[in-house]
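# generate coordinates for the sequence data below:
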Amino acid sequence: MLLPGGTSLSSLWQVHEPPADFGDAELSGALRMHWNLIAASARHLPVGFGGFHWRVTDDGGRLWFATASALGGDDDFADLTAAMSAASALADLGLDFVVAPVRSASGQSAVRVRPGYALTLYRYADGTPGHWGDALGHADRETVVRMLAALHRIPVALCTPPVRSMALPGADVLQAALRERDTRWDGGPFSEPARTVVSGHADGLQGALGSFTQLAAQVAAGAAPVITHGEPHAGNLVRQGTRFLLVDWDTVGLALPERDLWWVLSPSGDEARLYASLTGRHVSPTAVDLFRLRWDLDDICLILAELRAPHLRNRDTEVAFAGLADAVRRVAAQPRHSGA
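Numbering: from 1, shown residues only. The predicted structure follows:
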């Protein structure tokens, strides 16, 4: 699922379970209809976040990667289509690290296959996939910085991805949870445990929302936006020898460069200096703080929405609750910004 502002279900909501209402037979039919691809086999992969993924082998033995993205409505599909079209355009412009979708027979980068789902298809990327939480060494961070600099240098006029607002799209969810923390939550087995977590860190969460507002105000009049990936973390990197491929472009969009850069900056400052030498743009520490805080707040808002709503106990909700608790503790412990 993609939320407004290019926010995907991220580290705290990994999709382990296949969808109950979109099976292998429906996937095979959609691939045949829209890509003229005959699937000899399809295996659901419990990887990635915010979508359902399959490794597909066609009748010629070639490997493909298919993703079904859950849609909340027409706006979600329009956003996904714009993002996938932008990824295709970036690959066409020569960015060889962009893993872009294969266009359908009708030329679409994403296809609405039924109410509630859109399908994208990729050639299977050979290489060693990274994992969420993997630490990147100095050389790898430098490689990613060079990739991001190349992406950020692409003229905006040559690619028209969605505009990614700095606003926190789920802020109302967190604010409601804080207001209602003294009232029982009855959505499912993790609703009350989630309320306990929020109640125990209410002051820290209120402070984090205030810090986010202050940081956003400070960077609102900053540098011009660039084309960003949004989530260039280790889990979206596929290693091929000394280079990387970058996958999961559903969050591509126009934003400040720090939306990408905070993932790869180290305390040494080496990566920031390299980026400045490649692009002529200096990294804003305030914007880095903003996007780092936004990531955790996004996750908290997303998972609170899920765990306050009707849900079951399964592997996904167990992982989500554990991640929620970690993110809340992390955000509540961060120093607050004065707004000066």
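
# does the residue lying closest to W64 once chain neighbours are set aside count as helix, strand or coil?
If you skip the residues right next to it in sequence, W64 has V56 as its closest partner in space, 4.3 Å away by CB to CB, 6 or more residues apart in numbering. In short, each C-beta sits where N, CA and C put it, glycine included. V56 carries the three-state label strand when classified by DSSP: H, G, I helix; E, B strand; the rest coil.

# next one: the one 10 residues further on
Look at A66: counting by three-state DSSP, its state is strand.

# using CSV, write out every CA atom in the lengthiest helix in the chain.
Among the elements of type helix in the chain, defined by DSSP state H, the one spanning the most residues is helix 285-308. Listed next in CSV are the C-alpha coordinates belonging to helix 285-308 (Å, rounded to 0.1, in the frame of the first residue of the first chain):
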residue,chain,number,x,y,z
PRO,A,285,21.6,18.8,8.8
THR,A,286,18.1,20.2,9.6
ALA,A,287,16.6,18.5,6.6
VAL,A,288,18.4,15.3,7.5
ASP,A,289,16.9,15.4,11.0
LEU,A,290,13.5,16.1,9.5
PHE,A,291,13.5,13.1,7.2
ARG,A,292,15.0,10.7,9.8
LEU,A,293,12.3,11.7,12.2
ARG,A,294,9.6,11.5,9.5
TRP,A,295,10.5,7.9,8.8
ASP,A,296,9.9,6.7,12.3
LEU,A,297,6.7,8.8,12.7
ASP,A,298,5.4,7.4,9.4
ASP,A,299,5.9,3.9,10.6
ILE,A,300,4.2,4.6,13.9
CYS,A,301,1.2,6.2,12.2
LEU,A,302,0.9,3.4,9.7
ILE,A,303,1.0,0.6,12.2
LEU,A,304,-1.3,2.3,14.7
ALA,A,305,-3.9,2.6,11.9
GLU,A,306,-3.6,-1.1,11.4
LEU,A,307,-3.6,-2.2,15.0
ARG,A,308,-6.4,0.0,16.1
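
# so how far is it from its chain's centroid?
Computed by CA atoms, centre = their mean, to the nearest Å, the separation of helix 285-308 from the middle of its chain amounts to 12 Å.

# let me see the contact set for D296.
Applying CB atoms under 8 Å, 6 or more residues apart in numbering, one finds that D296 lies in contact with 208, 327, 330-331.

# and of these, the nearest to N236?
Of all those, N236 sits closest to A327, with 18.9 Å by CB to CB.

# secondary structure element for that closest one?
Using DSSP states H and E, A327 falls within helix 315-333.

# got a list of what R114 touches?
R114 is in contact with 22, 26, counting by CB under 8 Å, 6+ apart.

# can you pull the pLDDT of C159?
The confidence metric pLDDT takes the value 88 at C159.

# now swap in the one 3 residues further on and tell me
According to the predicted model, the pLDDT of P162 comes to 93.

# that one and S28, how far apart?
When CB to CB, to the nearest Å is the yardstick, P162 and S28 sit 31 Å from each other.

# over to T120?
T120 sits 16 Å away from S28, going by CB to CB.

# and for R112?
The value you get for R112 to S28, if CB to CB is used, is 17 Å.

# what does G207 give?
G207 sits at a distance of 50 Å from S28 (criterion: CB to CB).

# now do L245
In this structure, L245 and S28 are 26 Å apart, going by CB to CB.

# same deal with D248?
In this structure, D248 and S28 are 23 Å apart, going by CB to CB.

# neighbour-wise, which of those two wins?
Between D248 and S28, D248 has the larger neighbour count (other CB atoms under 10 Å), namely 22 against 19.

# roughly how far does that one sit from G280?
Taken as CB to CB, the span from D248 to G280 is 28 Å.
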